[in-house]
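1. Need the 3D shape of this:
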Amino acid sequence: MNKTRFRLLVFFMSLSLIGIILVQLYWVNSSLKNNDEQFKYHIQQVLAKVAERLDNQEADEFYKIYISYKDSTGKTPTRTDLLPLYDNSPDNRSEMVVYSDKITREYDEDDVFFEKNKFDNVVRKKNTAKTNSNKSSNAVEEDEDRRLRFTIESYMKDFREYKSLESWISSEKLRSMLSAELVQSGVTTPFEFGIYNSGMQTKIHSGRLSYDPDNFYEHTVFEDGQGYTKYRLLVSFPEKKAYLVSSILGITSLSLVFTLIIIIAYLSAINQLIKQKNISEIKTDFINNMTHEFKTPIATINLALDAIKNPKIFDDKEKVQRYLQMIREENKRMHAQVENVLQISKLDKKELEINKEQADIHDIIEGAIEHVHLIIESANGTLTRHFNAQRTTALLNDVHFTNVLVNILDNAIKYSPDAPVIDIYTENVKDFILIKISDKGLGMSKVTQKRIFEKFYREHTGDIHNVKGHGLGLAYVKRIIEDHNCHIYVESEKGKGSTFIIKMPLIN
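-> The predicted structure is shown next:
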């Protein structure tokens, strides 16, 4: 996949993910708004019902008193009889409210006009009540009771001027009425309430009520015959936001979980795409490097064979032997490259058998030095031993562990731009032996240090073939070290060289 296609794929995947998240946020916001509107509607319905109950409750009580008075005295009470029922009637009140105490009967008597009223869901029309003289006595009584009730309601609305608000309703009773209606409407969140008189708070309120115009719902209460009132019932919900959120918490949580799954899947997909892209690049580099590694030996072998075919050289046994040795060395070199790849493959499949025996670490190091000392000498380099460890016996596979040290030494040689300068240190730390191999080469960046033991990874230093190799040497080192229950670290600074440290357990 080329870079342009990869970037477009990542862009569209990212755009889709952002779109999904924005849609989810929009849906949650819309749900909250809808729930808020429904909540507002339910609260207004509740307040309307409570206001109606407040009016009806007082009228019902007064109606009972009215009927009780009529039954006990045998006469129809007049306004003068009703007014003393209120405790706070001022004697010196200048404004008087006068009602006719006459109730229109079924016959053609004085007209009584009734305005629209909320009580009992009855709409009274301005109409002279006339009844048929042939009605039964029960119908007459029911009609009289209805007219009487409407008259009493009209009395009550104006008689409130003679009585304090606290005598109509208590805070406890109002709370009980509100609670019952709210529960019936499905609203279970805590609330605060209060009745306000011309914008001023009355004594009828809950303990922690504080006026907040953005979090209040109100409704008029105790309207007079003309629909006027100075009283308003206000209700607030301190935990309204939490309540609204909780109403969509379940589906929102599911949405969040699925969104997180999508995000995780997206990130995993992007990560895999990047890995695949890197692997593709690494494999391409590996093929190029391996081709280069094989190309030189093959060319050398071809030249040697052509030389041997030359009649002048064919009879010169010394030159023939030299060319044959050259062919043997180049063949051995190609075999070693193939063997490294096969060993890594076997390690990945856990098919490589590594038998361990007791061995002396210093002897293993000397064996590794023997493999590279000619290369160091040909490059005019130096290798210095600093063997300070007193205990050096460990359990290891001498062949593979020797290869580990050879690979590290080979890197030290290849990545030294000038004559290689290598130091090998050993020391004991508790029950371990530390092996340090230092060089004065190119060094590595922090990024390279983190990835140096990955398969096929090589730090590019310009031309991809300017340093020979296939990127498998240190991956092999890491796997063999781990199989020996050892640890390997690298300390490096760009331009100053590198130090590989192997920490290996000893045999007591």
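2. which stretch of helix or strand covers I261?
-> helix 249-309 (DSSP states H and E).
3. I meant to write T426 there.
-> Going by DSSP H and E, T426 is part of strand 421-429.
4. picking that back up, and the helix holding I261, how far out from the chain middle?
-> 31 Å (Cα atoms, centre = their mean, to the nearest Å).
5. next structured bit after it?
-> helix 311-314.
6. Show me which residues of that next one are buried.
-> Counting neighbours by 16 or more other Cβ atoms under 10 Å, one finds that the buried residues in helix 311-314 are I313. All C-beta spots, glycine's among them, are computed from the backbone N, C-alpha and C.
7. Tell me the secondary structure at the closest residue to E239 other than its chain neighbours.
-> In this structure, E239 finds its nearest non-sequential neighbour in T189, 5.2 Å apart by Cβ to Cβ, 6 or more residues apart in numbering. For T189, the assignment made with DSSP: H, G, I helix; E, B strand; the rest coil gives coil.
8. what does P238 give?
-> coil.
9. Look up phi and psi at the residue nearest to E239.
-> phi -80, psi 150 (degrees, to the nearest 10).
10. residues in contact with it?
-> F237, E239, K240, A242, Y243 (Cβ atoms under 8 Å, 6 or more residues apart in numbering).
11. So N380 sits against A419, correct?
-> Yes. Proximity of N380 to A419 meets the contact threshold set by Cβ atoms under 8 Å, at 4.4 Å.
12. ok, the two, which is more surrounded?
-> The neighbour comparison of N380 against A419 (other Cβ atoms under 10 Å) goes to A419, with 12 against 9.
13. Let me see the ranges of the strands in the stretch 401-508 of the chain.
-> In the stretch 401-508 of the chain, the segments counted as strands under DSSP state E, counting those that start in this stretch are 421-429, 432-439, 487-493, 497-505.
14. Tell me the most packed of the contacts of T189, by neighbour count.
-> When those are compared by neighbour count (other Cβ under 10 Å), F237 ends up highest, at 20 neighbours.
15. The residue lying farthest from the centre of the chain and A394: what is the separation?
-> The C-alpha centroid of the chain is most remote from D315, which lies 81.9 Å away (Cα atoms, centre = their mean). Separation of D315 from A394 (Cβ to Cβ, to the nearest Å): 54 Å.
16. The residue nearest to Y266 when sequence neighbours are not counted and L260: what is the separation?
-> With Cβ to Cβ, 6+ apart as the criterion, Y266 has its nearest non-adjacent residue at 5.0 Å, and that residue is L17. For L17, the distance to L260 (Cβ to Cβ) stands at 11 Å.
17. Compare those two and say which one has the larger neighbour count.
-> Legend: neighbour count by other Cβ under 10 Å for L17 and L260, higher for L17 (17 against 10).
18. Tell me which of the strands of the stretch 401-508 of the chain approaches K49 most closely.
-> Across the strands of the stretch 401-508 of the chain, K49 has its closest neighbour in strand 487-493 (77.0 Å, Cβ to Cβ).
19. pLDDT on stretch 12-26, on average?
-> Averaging pLDDT along stretch 12-26 yields 88.
20. Tell me the buried residues in that stretch?
-> So, applying 16+ other Cβ under 10 Å, buried residues of stretch 12-26: L17, Q24.
21. who's in contact with that stretch?
-> So stretch 12-26 is contacted by S255, L256, T259, I262, I263, Y266, A269, I270 (Cβ under 8 Å, 6+ apart).
22. quick one: D36 is in a helix?
-> Yes. Under three-state DSSP, D36 falls within a helix.
23. per-residue pLDDT, A269?
-> For A269, pLDDT reads 86.
24. and it, what does it touch?
-> Contacts of A269 (Cβ under 8 Å, 6+ apart): M13.
25. Distance of it relative to G250?
-> Taking Cβ to Cβ, one finds A269 at 29 Å from G250.
26. got the contact list for stretch 358-369?
-> 383, 385, 387, 389, 392-396, 398, 401-402, 405-406, 409, 424, 426, 433, 435, 504, 507.
27. Write the PyMOL selection for whichever of those residues are buried.
-> Buried subset of the contacts of stretch 358-369, written as a PyMOL selection, criterion 16+ other Cβ under 10 Å:
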select buried, resi 383+389+392+394+396+401+402+405+406+409+424+426+433+435+504
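28. Okay, and which of the contacts of stretch 358-369 map to helices?
-> Counting by DSSP state H, the contacts of stretch 358-369 place D398, F401, T402, L405, V406, L409 in helices.
29. To S68, which of the strands of the stretch 401-508 of the chain lies closest?
-> strand 487-493 (99.7 Å).
30. Show me how the chain divides into domains.
-> 40-165, 271-352, 355-505 (automatic domain parsing).
31. per-stretch mean pLDDT over those, give me the minimum one.
-> For the domains of the chain, where the average pLDDT is lowest is domain 40-165, sitting at a mean of 57.
32. what about it, how long is it end to end?
-> 27 Å (Cα to Cα, to the nearest Å).
33. which residues touch S206?
-> Contacts of S206 (Cβ under 8 Å, 6+ apart): S171, R175, F191, E192, F193, G194.
34. Restricted to buried residues, select those residues in PyMOL.
-> This is how PyMOL selects the buried members of those, with burial counted by 16+ other Cβ under 10 Å:
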select buried, resi 171+175+191+192+193+194
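35. Mind putting the contacts of S206 into a markdown table with secondary structure and distance to Y231?
-> Shown next, in a markdown table, are those (DSSP: H, G, I helix; E, B strand; the rest coil; distance: Cβ to Cβ, whole Å):
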| residue | secondary structure | distance to Y231 |
| --- | --- | --- |
| S171 | helix | 14 |
| R175 | helix | 17 |
| F191 | coil | 19 |
| E192 | strand | 17 |
| F193 | strand | 13 |
| G194 | strand | 11 |
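36. now, among the contacts of T189, which is nearest to K455?
-> Using Cβ to Cβ, the contacts of T189 come closest to K455 at A242, 53.9 Å.
37. Let me know the pLDDT of the closest one.
-> 83.
38. How far does stretch 317-324 sit from its chain's centre?
-> Its chain's average C-alpha position is 74 Å from that of stretch 317-324, according to Cα atoms, centre = their mean.
39. With stretch 27-36 instead?
-> 20 Å.
40. hmm, who's touching that stretch?
-> Residues contacting stretch 27-36 (Cβ under 8 Å, 6+ apart): L244, V245, S247, I248, I251, T252, S255.
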